[in-house]
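K.L.:
here is the input, now give the coordinates:
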Amino acid sequence: MPRLPAPAYPDEVRARLEADAKEIIGRYPDSRSALLPLLHLTQSEEGFVSRTGMAFCAELLGLTTAEVTAVATFYSMYRREPGGEYQVGVCTNTLCAVMGGDAIFDELKRHLGVDNHGTTPDGKITLEHIECNAACDFAPVVMVNWEFFDNQTPDTALRLVDDLSEGRPVAPTRGAPLCTYKETSRILAGFPDERPGAVEATGGAGPASLVGLRLAKGEGLQRVVRPRDGADAPPRDAAPKDTARDARPDQQTGTEAEEEE
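P.N.:
Okay, the predicted model is just below:
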């Protein structure tokens, strides 16, 4: 049987979302470019991108629901089903896995009693494995609502989810203070984070991530490969200079050249 059309938002909710949506659409010369932030906006309302939310986006942008669905199902940051207040993502890509990410993920599944994309009965936590959190020098990494918790172990990860479940304060290793999944979605939609100190909070890359940048800038790293023009090549002979050694090879006598060899 074909599915019935998605129900509409209640009038009060639609009016509020429409005002925010028009602000978002006004940022773009082509309205369809606003689809990604609009999906985050609808996710901030329900905690996931519902059929109602996709119909809302399609109507405002002049798109078909099929076009909106294609985008919403492509990007992993959009939920398609209701989830928890905190989304706990464990990196299981190569480096994090080798450093313990797989063990963390398995332990959290056992402890929380859920599988990948599962949500705890109290609605607090949704668990998922993530292919890469782009923080390999802090491996293994766990993210909660896209905020970093670095250098995790099974024990620290268990304490983290227990604190979230019990409502105890939790501070990311770096970056902005933690907020709920819906609040995070609204920020990703492009609206200001009005929490005190949130904008000023930041976290830089670790030393391993910055080696390439330092090499590019030539900052205090020993050159491994000698330049082709030899400009930075060290002296070949540190012995006291004499006339024979200072002469160019093509000016040396045969005996001197043999002694040099």
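
K.L.:
run the chain-centre distance for stretch 139-159.
P.N.:
13 Å (C-alpha atoms, centre = their mean, to the nearest Å).

K.L.:
for that stretch, give the mean pLDDT please.
P.N.:
In this model, stretch 139-159 carries a mean pLDDT of 93.

K.L.:
just the buried positions in that stretch, please.
P.N.:
Along stretch 139-159, the positions that meet the burial threshold by neighbour count (16 or more other C-beta atoms under 10 Å) are 139-152, 154, 157-158. For every residue, glycine as well, the C-beta is placed using N, CA and C.

K.L.:
and it, end to end?
P.N.:
Stretch 139-159 has an end-to-end distance of 18 Å (criterion: C-alpha to C-alpha, to the nearest Å).

K.L.:
tell me which helix or strand residue 110 sits in.
P.N.:
Using DSSP states H and E, residue 110 sits in helix 102-112.

K.L.:
how about the helix or strand just after that helix as PDB, C-alpha atoms only?
P.N.:
On the C-terminal side of helix 102-112, the nearest following helix or strand under DSSP H and E is strand 125-130. In PDB, the C-alpha atoms belonging to strand 125-130 read as follows (Å, rounded to 0.1, in the frame of the first residue of the first chain):
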ATOM      1  CA  ILE A 125      22.100   8.000  24.100                       C
ATOM      2  CA  THR A 126      22.200   6.800  20.500                       C
ATOM      3  CA  LEU A 127      25.400   4.800  19.700                       C
ATOM      4  CA  GLU A 128      27.000   4.700  16.300                       C
ATOM      5  CA  HIS A 129      30.300   3.900  14.800                       C
ATOM      6  CA  ILE A 130      31.900   6.600  12.600                       C
END
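
K.L.:
so what touches strand 125-130?
P.N.:
Outside of strand 125-130, the residues within contact range by C-beta atoms under 8 Å, 6 or more residues apart in numbering are 76, 79, 83-93, 105, 108-109, 112, 114-120, 143, 161, 164-165, 181.

K.L.:
picking up where we left off before, please identify the buried residues of the helix holding residue 110?
P.N.:
Residues of helix 102-112 classed as buried: 102, 104-105, 107-109, 112 (neighbour count, 16+ other C-beta under 10 Å).

K.L.:
so what does that helix touch, helix or strand wise?
P.N.:
Helix 102-112 is packed against strand 86-91, strand 125-130, helix 154-166, with contacts defined by 3 or more C-beta pairs under 8 Å, 6 or more residues apart in numbering; DSSP states H and E.

K.L.:
so for residue 214, which of those sits nearest?
P.N.:
Ranking the helices and strands packed on helix 102-112 by proximity to residue 214 (C-beta to C-beta) places strand 86-91 first, at 24.9 Å.

K.L.:
that closest one: partners in the sheet, and parallel or antiparallel?
P.N.:
Strand 86-91 has the following sheet partners, assigned by DSSP bridges: strand 125-130 (parallel), strand 142-144 (antiparallel).

K.L.:
buried ones in the first helix or strand past it going along the chain, by neighbour count?
P.N.:
Beyond strand 86-91 in the direction of the C-terminus, DSSP H and E gives the next helix or strand as helix 94-96. Of the residues in helix 94-96, those scored as buried under the neighbour-count criterion (16+ other C-beta under 10 Å) are 95-96.

K.L.:
again with stretch 205-223
P.N.:
Within stretch 205-223, the residues scored as buried using 16+ other C-beta under 10 Å are residue 206.

K.L.:
quick one: mean pLDDT for that stretch?
P.N.:
The predicted model assigns stretch 205-223 a mean pLDDT of 74.

K.L.:
who's in contact with that stretch?
P.N.:
Residues lying outside stretch 205-223 but in contact with it, judged by C-beta under 8 Å, 6+ apart, are 135-138, 232.

K.L.:
just the buried ones from these, in ChimeraX syntax?
P.N.:
If you want just the buried ones from the contacts of stretch 205-223 in ChimeraX, going by 16+ other C-beta under 10 Å, the selection is:
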select :135,136,138
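
K.L.:
could you dump the contacts of stretch 205-223 into a markdown table with secondary structure added?
P.N.:
A markdown table is the format used below for the contacts of stretch 205-223 (DSSP: H, G, I helix; E, B strand; the rest coil):
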| residue | secondary structure |
| --- | --- |
| 135 | coil |
| 136 | helix |
| 137 | helix |
| 138 | helix |
| 232 | coil |
